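Q: here is a sequence with its predicted model. Questions after.
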Amino acid sequence: MTPFSYSRASDAAGAIQLGAVAQAKYLGGGTNLVDLLRETIEQPSAVIDVTGLSAAITQTDAGGLLIGAAAKNTAVAEHRAVRTQYPLISRSILAGASAQIRNMATVGGNVLQRTRCSYFYDVDGSRCNKRVQGQGCDAIDGFNRNHAILGASSSCVATHPSDMCVALAALDAMVHLQGPAGARVIPLTDLHRLPGEDPQTETVLHMGELVTAIELPAPLLGTRSTYRKVRDRASYAFALVSVAAVLALEDGIVTDVRLALGGVAPKPWRARKAENSLLGAPAAEAAFRKAAEAELSDAAPLRDNGFKVELAIRTMTAVLTSLAGEAS
Amino acid sequence: MPIRINGTEADAPLDPRVSLLDLLREGLHLFGAKKGCNQGACGACTVLVDGQRVLSCLTLAVQCEGRDVTTIEGLAGEHGLHELQKAFIEHDGFQCGFCTPGHICSALGMAAELERGVPSVVTADFSDEGATLSLEEIRERMSGNLCRCGAHNGIIAAIAEVQARRQGQTDDKEAMA
C-alpha cells in the first residue's frame, strides 16, 4: 500500500467535505478496497471511512424501502421486510461471497466494487486498460473464460462481480447520491457505464460523489421472483452466469416480467430484449427460450467463454419455466 | 480510542495501512489468526469483531477502534478449552491446524447468526425465522473457511455436534418457559 491519511465521517455532509481533496477514496467494509490498496491498484492520498453513515433500513412513503449505504450485506439479507417482501434481494446477497465478507461489506461498497478480472489485479505481469489507460488488454487474447459476452469493448472485457446489483437491476432500484454539487437519485441501471474506449470510468459518479442509500420501489404484488447463480463450485465463487427474475401471469399469459443477468457483462445487465419478447406471450418454455435467445443475440463471446451464451439462455429458460410452474 | 482484544486494550496503530491481522500477529504476537491468502479467499484469519465473524486481513486495524475483537486465544476459559475446541479434537477436525483458529472463530460467529435467524442461500423458507440445522446449512455457512488437508468432514461433524447441543439447550429452555 502507498501511504494515505485516514479519517472517519459520521454523516454524508462530513464525508463529502473530507472527500473534497485530490485522490480521496471512500472506505466501506474494505473487502474490495483494502485488496486494491494492497495491490497498489488504488493509490489514494486520503481514505475516508464512511461505515459510520446511515445503515438504517426504513419504509418509504411510496411503500418501498430505503437502505442506508452503510448497511452491511448480512443486515440487509436478514432484515424481515427485505426477506419477506424482497426475497430476491436476500437470495442474491446470500449467493455472494462468504458469511465473513457479507458481515463486513456495505451496500454502498457492494454497488461500487470493482471487477475481479485477474489481469486487472496482476499489476506486475499483465496489461490492463482499466488500470492504465491505453496500455492494452491481456484478457482479450488471454484466459477469458470468466469474462463478458455482452456490452464489452475492444478495450475491456471485464465483468461486474456483484450478485446483489443483479437483483437491484431487476427490481428497478434507485441509487441516492450526494456530492459537492448536491444530491440526486438515479436508477441503478444507469449507475454503471459500459467500458467503450474508457474502461477506467466505471460509473456516472462525479468527483467526490458518494452513494448514500439504495431505494427499493414498493413490492410488486402478484409476482414470483428468484435468483439463480451458476458457478464453478457450490458456494463462495463468482457467477459464471446468474439470473434475477420476476414474473407475473394471468390466464397463462405473461403480464409482467423483469429479468437481469450477472457474470456476463461489465455492468448488472437488465435483459430488456427478453422482457419485450415475453410481455403478452404464453408462459411456456418455448417462449422463454425464444426470449432468452433474443437477449443473447448480440453476444460476442471470446475464445474461452462461448459456453456462457448457451448457459445464459438455458438458465433464463429454466428460471422462468420454474417460476411459471410455481405461479400456475 | 483503544481496541479491546480478548478483553485487553491495545492502541490502534499510527499507520492506517496496518491490517487487523498484522496488528494481531506482528504487533501483539497473537499468532492464532493465520495469514493464508491475505486477500479474503481462505478464511484462515477469521476473528470476531463485536461478535461478528470477519476477515482480519481485509480489516484495517484503525477501523476497530472502540470495538471488541475476539481471537482464538480468547476462547478458552478457566475451565479449559472452549466446547468447539474440544469438539474439533474429538472429531479430528484438523490435520496441520493452520485453518483451525479461523474455522473455530467462524463457527462461533455462525452460531450467533443462526440464533438471530439469519438465513442462508440454501434456506428454503425466508419467512421462517429459525433456520433448521442441517449439514447442508452448516457446509454453506462455513464455505468461507478452506481446509487444504481435507479435514472438512471432521470439521463439519464437530460444529454440528456443538450446534445440536446448543440448540437442544435452547429448545429445553423454550419448553420450560
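A: Structure's in. What do you need?
Q: residue contacts, the closest residue to chain A within chain B?
A: Proximity of chain B to chain A (Cβ to the nearest Cβ) peaks at residue B:144, 2.5 Å away. Placement of C-beta: from N, CA and C, glycine included. Residue B:144 makes contact with A:97-101, A:236, B:43, B:46, B:106, according to Cβ atoms under 8 Å, 6 or more residues apart in numbering or on different chains.
Q: rerun at 10 Å
A: Counting by Cβ atoms under 10 Å, 6 or more residues apart in numbering or on different chains, residue B:144 makes contact with A:97-103, A:235-236, B:40-43, B:46, B:53, B:55, B:102-103, B:106, B:109-110.
Q: what do you get for residue B:12?
A: Counting by Cβ under 10 Å, 6+ apart, residue B:12 has contacts A:6, B:1-3, B:18, B:20, B:23, B:27, B:60-66.
Q: rerun at 6 Å
A: B:3, B:61-62, B:65 (Cβ atoms under 6 Å, 6 or more residues apart in numbering or on different chains).
Q: among these, which one lies nearest to residue A:125?
A: Comparing those against residue A:125 with Cβ to Cβ picks out residue B:61 as the nearest, at 29.9 Å.
Q: for the closest residue to that closest one other than its chain neighbours, give me phi and psi.
A: Using Cβ to Cβ, 6 or more residues apart in numbering or on different chains and skipping the chain neighbours, the partner closest in space to residue B:61 is residue B:23 (4.1 Å). Phi and psi for residue B:23, reported as degrees, to the nearest 10, are phi -60, psi -50.
Q: just give me the neighbour total for residue B:23.
A: Counted with other Cβ atoms under 10 Å in any protein chain shown, residues neighbouring residue B:23 total 24.
Q: that one contacts residue B:63, correct?
A: No - contact between residue B:23 and residue B:63 fails when scored by Cβ atoms under 6 Å: they sit 11.0 Å apart.
Q: ok so, going back, which pLDDT value belongs to the residue nearest to residue B:61?
A: pLDDT recorded at residue B:23 is 98.
Q: distance check, it against residue B:57.
A: 11 Å (Cβ to Cβ, to the nearest Å).
Q: if I pick the closest residue to residue A:65 other than its chain neighbours, what's in contact with it?
A: Nearest residue to residue A:65 in three dimensions, chain neighbours excluded: residue A:216, at 4.6 Å (Cβ to Cβ, 6+ apart). Contacts here follow Cβ under 6 Å, 6+ apart; on that basis residue A:216 touches A:64-65, A:86, A:173.
Q: with residue A:133 instead?
A: So residue A:133 contacts residue A:200 (Cβ under 6 Å, 6+ apart).
Q: same question for stretch A:307-321, mean pLDDT?
A: 98.
Q: can you pull the pLDDT of the residue in chain A that chain B sits nearest to?
A: Distances between chain A and chain B by Cβ to the nearest Cβ are smallest at residue A:98, namely 2.5 Å. At residue A:98, the pLDDT value in this model is 98.
Q: kindly check the end-to-end length of stretch B:26-36 for me.
A: Across its full length, stretch B:26-36 reaches 15 Å between end residues, using Cα to Cα, to the nearest Å.
Q: what does it rub up against?
A: Residues outside stretch B:26-36 that contact it (Cβ under 6 Å, 6+ apart): B:21, B:24-25, B:42, B:44-45, B:47, B:56, B:71-73, B:98, B:101.
Q: and for stretch A:162-177?
A: For stretch A:162-177, contacts defined as Cβ under 6 Å, 6+ apart pick out A:88-89, A:92-93, A:95-96, A:110, A:184-189, A:191, A:209, A:211-217, A:227, A:242, A:244, A:246, A:258, A:260, A:262, A:268, A:270.
Q: can you flag the buried ones in the residues you listed?
A: In these, burial by neighbour count holds for A:88-89, A:92-93, A:95-96, A:110, A:188-189, A:191, A:209, A:211-216, A:227, A:242, A:244, A:246, A:258, A:260, A:262, A:268, A:270, counting by 16 or more other Cβ atoms under 10 Å in any protein chain shown.
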